[in-house]
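In: output the structure for:
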Amino acid sequence: MEIDFIKYSVEELRELQNKIGNYLQNREDGFIYICEVRSYGSKWKNRLTNELAVNDLCEDYNGQDGIVNVYTTNPDAKITNYGGDIMLIKSKDEYDKWLLGTELANEISTAEHRLKIWEERHNMPYGMKPTFPPHYTKDDISTMKKELKKIGSYEKPIPMNKYFDDYE
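Out: Prediction:
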């Protein structure tokens, strides 16, 4: 199909360009694409609906201005990502459980470590002693562990980046 662009004014062509661009960026291919962008100290998530939009985002943040980690349900995704990860997830619910579980496990580990240092501060050299008590108590840590148990088991995202395969 060939279109004769001479028939159209510049304004009409610009409008057509915008409509086509919006269509391509917003069309849905039936898969989930969760993109975590890190750029200049900022972090945010985009939930995109097709591979083309994901590739465009990865191209915008190609390591110079930031990095994108992509989590997708598309096992055949052909995503070019220059610095971030491309991970296969089973579903949005599994991703949410994994994310919450991982963050909570890290928080528990950090809280336990800081509490241990605080409790052993009397046996430490003066320059290494913590100045302030930790924010968490043993009861808080116990509560967090109960919350982690409530989350239950989940499937971790599976790396899809090509360079992961080179080391296995």
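In: look at the nearest residue to residue 5 once chain neighbours are set aside and report its pLDDT.
Out: Distance criterion Cβ to Cβ, 6 or more residues apart in numbering; nearest residue to residue 5, sequence neighbours excluded, is residue 13 at 6.3 Å. Bear in mind the C-beta positions are built from the backbone N, C-alpha and C, glycine included. pLDDT, residue 13: 90.
In: one more: residue 85?
Out: At residue 85, the model reports a pLDDT of 93.
In: phi and psi next, for it.
Out: For residue 85, the backbone dihedrals are phi -90, psi 150 (criterion: degrees, to the nearest 10).
In: now for residue 38, how many residues are close by?
Out: 15 (other Cβ atoms under 10 Å).
In: what residues are up against the spatially most central residue of the chain?
Out: Centroid-nearest residue in the chain: residue 36, 3.4 Å away (criterion: Cα atoms, centre = their mean). Contact analysis of residue 36 by Cβ atoms under 8 Å, 6 or more residues apart in numbering lists 43-45, 68-71, 84.
In: so which strand or helix has it?
Out: Using DSSP states H and E, the element containing residue 36 is strand 33-39.
In: residue 68 belongs to a strand?
Out: Yes. Counting by DSSP: H, G, I helix; E, B strand; the rest coil, residue 68 falls inside a strand.
In: quick check: domain ranges of the protein?
Out: Annotated domains of the chain cover 28-88, 92-155 [automatic domain parsing].
In: quick one: neighbours of the residue nearest to residue 5, just the number.
Out: For residue 13, using other Cβ under 10 Å, the count is 13.
In: hey, C-alpha coordinates of the host helix or strand of it in CSV?
Out: Residue 13 belongs to helix 10-26 when assigned by DSSP H and E. Once non-C-alpha atoms are left out, helix 10-26 reads as follows in CSV (Å, rounded to 0.1, in the frame of the first residue of the first chain):
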residue,chain,number,x,y,z
VAL,A,10,1.8,19.7,6.7
GLU,A,11,-0.7,20.0,9.5
GLU,A,12,-2.7,16.9,8.2
LEU,A,13,0.5,14.9,7.9
ARG,A,14,1.5,15.9,11.4
GLU,A,15,-1.9,14.8,12.7
LEU,A,16,-1.5,11.5,10.8
GLN,A,17,1.9,11.0,12.2
ASN,A,18,0.6,11.6,15.8
LYS,A,19,-2.3,9.2,15.2
ILE,A,20,0.0,6.4,13.9
GLY,A,21,2.5,7.0,16.7
ASN,A,22,-0.2,6.8,19.4
TYR,A,23,-1.7,3.7,17.8
LEU,A,24,1.7,2.0,17.7
GLN,A,25,2.6,2.9,21.3
ASN,A,26,-0.8,2.0,22.8
